[in-house]
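S.K.: Curious how this folds, go ahead:
(one chain, ligands or ions: 1)
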Amino acid sequence: MPVCTDETVLNLWFAICATQEMQPGIVQDTVLLEEDLSFALDADGSPRVWRRKGELRAGAELDIAKVDELLPAQCAYGYVWTCLGTPSADIFPIEEYDEPDRRNLNAASIGVNVSGPRAIENFLDMGHFPYVHTDILGQEPHTEVKEYEVEISEERDEILATECRFFQPMASTASSGGADVEYVYRVPHPYCSVLYKSSGQDPSRMDVIALFIQPINEERIRAHMLLSIIDDDSEERVMRRFQQTIFGQDKPILENQYPKKLPLDPRAETPIRADKSAIAYRRWLRAKGVTYGVIPSAG
Ligand SMILES: [Fe+2]
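M.R.: Predicted coordinates:
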C-alpha cells in the first residue's frame, strides 16, 4: 500500500530523473512520496519504473522479467515521469518545448529540505529577486512588484499569472545588460510551475524555465529544473551554471522556511499585494483537497 494517502497527489505524474543522466539498460534508484523506486530505460529507450524489491536496483542491468509490477511511466520534456496511483490526467502541455530552435536541457536536479508547495510558492515570488538574487534577477532600488494579473483557468485547471514585469540586471546568459523583463507564470500541477520570460536574444519570444518537484517526503524534495530557451551562443555548462547559481541562492532561504509545509489556512500568513499568485496557489491547493506537503486549512 502507498505511504502517501493523499489521493490527489498519489494520482499525479512526477518527474524523477533527467533522461540525459541515464544510461540505457542500467538501473537507478530514487524515492518518490516516501516509496523506494527503481527505474531504467529499456533497449528501445522506453522508461520502466517499479517499486524496489530484491536485487534489481541501482547499478544492475535491467532484466524486466524480474519485475512483478510496473508503474505508469513516460518520458516528457527530457525526464522520466511516473505515478504511484492511477494518473488522473496526462502531463500538462508545454508547447514551446517542441520548437526546433530551442535549447532544451535539465539545468539541475537539486535536493532541498523543504516541502514541494513551499518551493513552488518561492518560484512564483518576484518580491525576493533584489534581495536574494542581487545584481542578477533584481537590484535595489528597483524593489517594487508592480500590479499583475492572476487567474485560475477552470478549463485548463491551472493558475496563470500574467503581465508581471520586473527590472533585471542580468536576466539570462543571453542578456546584454539590465532590462524590464516580462514574466508569465503557470502552475498546471500542484508540484510543478512553468515560467515564461522575455528572451534576451529575441524580444518577440519567451524563454521557458520549468520547475518539476519530486517530493521525497513531505519536507524534502528534489527540484528538477528544465530550460527551454532561445540562445544560440551560450555553452550548456554556462547556461546550467547560471541557473544553478540562482537556485543555490534560493536553497538556504527555502531550507529556513518555518514550518516546512505550506500552511493553507488563509489566516496563517499576512498577504501583501505581491503575493497575489501565492494566494491563488494556496486557494487552488485547498480546492483540490491537497494534504501532502501542506498544513491543511482548519475550516
Ligand atoms: Fe529565487
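
S.K.: Point to the helix or strand of the chain where mean pLDDT is at its lowest.
M.R.: When each helix and strand of the chain is scored by mean pLDDT, DSSP states H and E, helix 129-132 comes last, with a mean of 89.

S.K.: which parts of the helix or strand following it are buried?
M.R.: Next in sequence after helix 129-132, counting helices and strands by DSSP states H and E, comes strand 149-153. Within strand 149-153, the residues that count as buried by 16 or more other Cβ atoms under 10 Å are V150. For the C-beta atoms, the positions are set from N, CA and C on the backbone; glycine is no exception.

S.K.: which helices and strands does strand 149-153 pack with?
M.R.: The contact analysis (3 or more Cβ pairs under 8 Å, 6 or more residues apart in numbering; DSSP states H and E) places strand 149-153 against strand 158-168, helix 276-288.

S.K.: report the angle between the axes of that strand and strand 158-168?
M.R.: 160 degrees (axes from the mean of the first three to the mean of the last three Cα atoms, to 10 degrees).

S.K.: By residue count, what's the longest helix in this structure?
M.R.: In the chain, assigned by DSSP state H, the helix with the most residues is helix 236-255.

S.K.: what's the offset of that helix from the middle of its chain?
M.R.: 13 Å (Cα atoms, centre = their mean, to the nearest Å).

S.K.: in the stretch 51-200 of the chain, which spans are helices?
M.R.: Taking DSSP state H, counting those that start in this stretch, the helices of the stretch 51-200 of the chain run over residues 116-124, 129-132.

S.K.: now the helices and strands packed on strand 149-153 as JSON lines including mean pLDDT, distance to V27 and mean neighbour count?
M.R.: Formatted as JSON lines, the helices and strands packed on strand 149-153 follow (pLDDT from 0 to 100; distance: least, Cβ to Cβ, whole Å; neighbours: other Cβ atoms under 10 Å):
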{"stretch": "strand 158-168", "mean pLDDT": "92", "distance to V27": "34", "mean neighbour count": "19"}
{"stretch": "helix 276-288", "mean pLDDT": "93", "distance to V27": "34", "mean neighbour count": "19"}
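
S.K.: Make CSV out of the ones you listed and add distance to E144.
M.R.: Shown next, in CSV, are these (distance: least, Cβ to Cβ, whole Å):
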stretch, distance to E144
strand 158-168, 9
helix 276-288, 14
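
S.K.: Between the ones you listed, which one is closest to S228.
M.R.: Ranking the helices and strands packed on strand 149-153 by proximity to S228 (Cβ to Cβ) places strand 158-168 first, at 17.6 Å.

S.K.: Residues in contact with the closest one: which ones?
M.R.: 92, 124, 126, 129, 136-139, 142, 145-153, 175, 178-189, 276-277, 280-281, 284 (Cβ atoms under 8 Å, 6 or more residues apart in numbering).

S.K.: out of those, which are buried?
M.R.: Looks like these have 92, 124, 126, 129, 136-139, 145, 148, 150, 175, 179, 181-189, 276-277, 280-281, 284 buried, using 16+ other Cβ under 10 Å.

S.K.: Run a quick neighbour tally on A73.
M.R.: 18 (other Cβ atoms under 10 Å).

S.K.: Could you do G59 as well?
M.R.: G59: 8 neighbours (other Cβ under 10 Å).

S.K.: again with D63
M.R.: 12.

S.K.: ok, now which ones touch it?
M.R.: L56.

S.K.: if we go to 10 Å?
M.R.: D63 makes contact with G25, V27, A40, E55, L56, according to Cβ atoms under 10 Å, 6 or more residues apart in numbering.

S.K.: re the thing from before, so for the least confident helix or strand of the chain, what gets flagged as buried?
M.R.: Result for helix 129-132 [16+ other Cβ under 10 Å]: buried residues F129, P130, V132.

S.K.: which other helices and strands contact that helix?
M.R.: Helices and strands touching helix 129-132, by 3 or more Cβ pairs under 10 Å, 6 or more residues apart in numbering; DSSP states H and E, are strand 158-168, helix 236-255.

S.K.: And these: which comes nearest A73?
M.R.: Here strand 158-168 is closest among these (Cβ to Cβ), at 23.3 Å.

S.K.: ok, that closest one: who's next to it in the sheet?
M.R.: strand 149-153 (antiparallel), strand 179-189 (antiparallel) (DSSP bridges).

S.K.: Can you lay out those as TSV showing mean pLDDT and distance to Q168?
M.R.: Listed next are those as TSV, based on pLDDT from 0 to 100; distance: least, Cβ to Cβ, whole Å:
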stretch	mean pLDDT	distance to Q168
strand 149-153	93	20
strand 179-189	93	5
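
S.K.: Ok, which of those comes nearest A108?
M.R.: Across the strands paired with strand 158-168, closest to A108 is strand 179-189 (Cβ to Cβ), at 19.0 Å.
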